[in-house]
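**Q** Kindly generate the corresponding structure for this input.
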Amino acid sequence: MWPFCFGAFQTMSGLLLRVSKNSANFVVKLSSGRLQWTTQVDVSAAPAEKPRCAREFAGIACNIRVFQNESYDGLCPLHMTTAPLCKGIIFAAAEEHWWRCGSGFADCDSWFTTKFAVQNIYEAELADLIVDGLSVLFGLVLLCCRYTDKDNRRLVYVPLAMTVGFMADIVLEARVVFSAMAATGVLENYKASFCFSIGDGYATIVKLEDMLGTISTLATVNILVACVGGFVEVFDVCREARGKGPAGWPFFVTNMAALCELILGVGSFAMNTVQFRGELEAIEDAALNLQQLEEGHLCYHLNELMPRPEAVGMRMLEPLWIAIPGGLVIVCFFLACCFSALCGPGPRSKERPRTSE
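**A** From the prediction side, this is the model:
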């Protein structure tokens, strides 16, 4: 080693040895007057870096409060607000602030529950639309097959596939009802928390509650329609299996039930569920100071001195679960066709007219 580098060598070796001791990412070796160092990074073993500031503060000196609360000329009674619920909207809206939610995400739990319930409703209704559309399609196929040749009884068990569709409707709509009930309970807490300004801001929560009530009511109606359609379908199959000819009214009732479910599902999804998701995303954008609410104000929002994060929004939970019910109905339809073709009673025998000898 060059002499004029000796002092720098000692200083650098001491520095690297201290870095090695503190971070365990460097290995320093002194051999034959030379300094040798290599990096050893073990991400799995390294402890997660803890934030230096308290969870409600940021900045180099930890002197910037993450959120701001404003009274908006008395429309936000700050002395009456439930601060953890209000701050939880801000922290839950951006993934980089999730660690600020506290132990067990306590402050953000209510908002996460609302978003999870709405995502359940969205996915269940979307899957139900696929099932209802397939039921209507299969009804048209059966109309062509069963009534072009009324004496052919090979397809007597095929309508049972529509019964599977009605059962899937009941399960999916029950999921919608229970999710709407869970979200309604949380919105009641937000309505009493004064996180939204008096007047128009309060009306936003009331509007969301009304949407959930409509979603739950339409889902209940769909369950009743599915029960009627499924019962009549089973009755018609049993009737034909006993050798009686096809009747027009059971077929009409089941297909009208499937069509009514499709119409109600499209209306609820387009007019309520999609708008509900949009309202939640607008609230999160307002909480992160990305835009203002169309009506009213949020009493707590991200500090203007904080960098603008990207809103999490409404993420799809399990896209595969949307396709599974429809796939199940398709599989059952083809299995019913195969079973009827192999094990069906076959064409009705026609009596030959007696001839006089």
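**Q** Any idea how far the lengthiest helix in the chain is from the middle of the chain?
**A** When the chain is parsed with DSSP state H, its longest helix is helix 200-241. Distance, stretch centre to chain centre, for helix 200-241: 19 Å (Cα atoms, centre = their mean, to the nearest Å).
**Q** can you give me the helices in this protein?
**A** Using DSSP H, helices in the chain cover 6-23, 83-93, 109-148, 160-191, 200-241, 248-268, 274-287, 319-343.
**Q** So residue 239 sits against residue 250, correct?
**A** Yes. Under the criterion of Cβ atoms under 8 Å, residue 239 makes contact with residue 250 at 7.4 Å. Any C-beta I mention is one placed from the backbone N, CA and C, and that applies to glycine too.
**Q** So for these two, which residue has more residues nearby?
**A** Neighbours per residue, other Cβ atoms under 10 Å: of residue 239 and residue 250, the larger number sits with residue 250, 20 against 15.
**Q** how much space between the residue nearest to the spatial centre of the chain and residue 311?
**A** For the chain, the residue nearest the mean C-alpha position is residue 119 (2.2 Å; Cα atoms, centre = their mean). Per Cβ to Cβ, to the nearest Å, residue 119 is found 15 Å from residue 311.
**Q** What of residue 202?
**A** 23 Å.
**Q** what's the closest non-adjacent residue to residue 80?
**A** Spatial nearest neighbour of residue 80, excluding adjacent residues (Cβ to Cβ, 6 or more residues apart in numbering): residue 194 at 4.9 Å.
**Q** Now do the longest helix of the chain and helix 160-191, the angle between them.
**A** 160 degrees (axes from the mean of the first three to the mean of the last three Cα atoms, to 10 degrees).
**Q** helices or strands next to helix 200-241 in the packing?
**A** In this structure, helix 200-241 makes packing contacts with helix 160-191, helix 248-268, helix 274-287, judged by 3 or more Cβ pairs under 8 Å, 6 or more residues apart in numbering; DSSP states H and E.
**Q** I'd like to know which elements the first one is packed against.
**A** So the one you mean is helix 160-191. Going by 3+ Cβ pairs under 8 Å, 6+ apart, helix 160-191 lies up against helix 109-148, helix 200-241, helix 248-268, helix 319-343.
**Q** rerun at 10 Å
**A** helix 83-93, helix 109-148, helix 200-241, helix 248-268, helix 274-287, helix 319-343 (3 or more Cβ pairs under 10 Å, 6 or more residues apart in numbering; DSSP states H and E).
**Q** wait, which of those helices is closest to residue 177?
**A** helix 200-241 (4.9 Å; Cβ to Cβ).
**Q** Measure how the closest one sits relative to helix 274-287, angle-wise.
**A** Going by the same axes, to 10 degrees, helix 200-241 makes 150 degrees with helix 274-287.
**Q** Quick check: mean pLDDT of helix 200-241?
**A** What helix 200-241 shows for mean pLDDT is 89.
**Q** Next, count neighbours for residue 87.
**A** Neighbours of residue 87 using other Cβ under 10 Å come to 25.
**Q** try residue 212
**A** 24.
**Q** From residue 275, how far out is it?
**A** Counting by Cβ to Cβ, the gap from residue 212 to residue 275 is 11 Å.
**Q** Poorly predicted segments of the stretch 201-350 of the chain, please.
**A** Scanning the stretch 201-350 of the chain for pLDDT under 70 picks out 241, 243-247, 316-317, 340-341, 343-350.
**Q** cutoff 80 now
**A** 236-251, 314-319, 336-337, 339-350 (pLDDT under 80).
**Q** what's the spacing between residue 99 and residue 105?
**A** 9 Å.
**Q** Mutual contacts of the two, please.
**A** Common contacts of residue 99 and residue 105 (Cβ atoms under 10 Å, 6 or more residues apart in numbering): residue 91.
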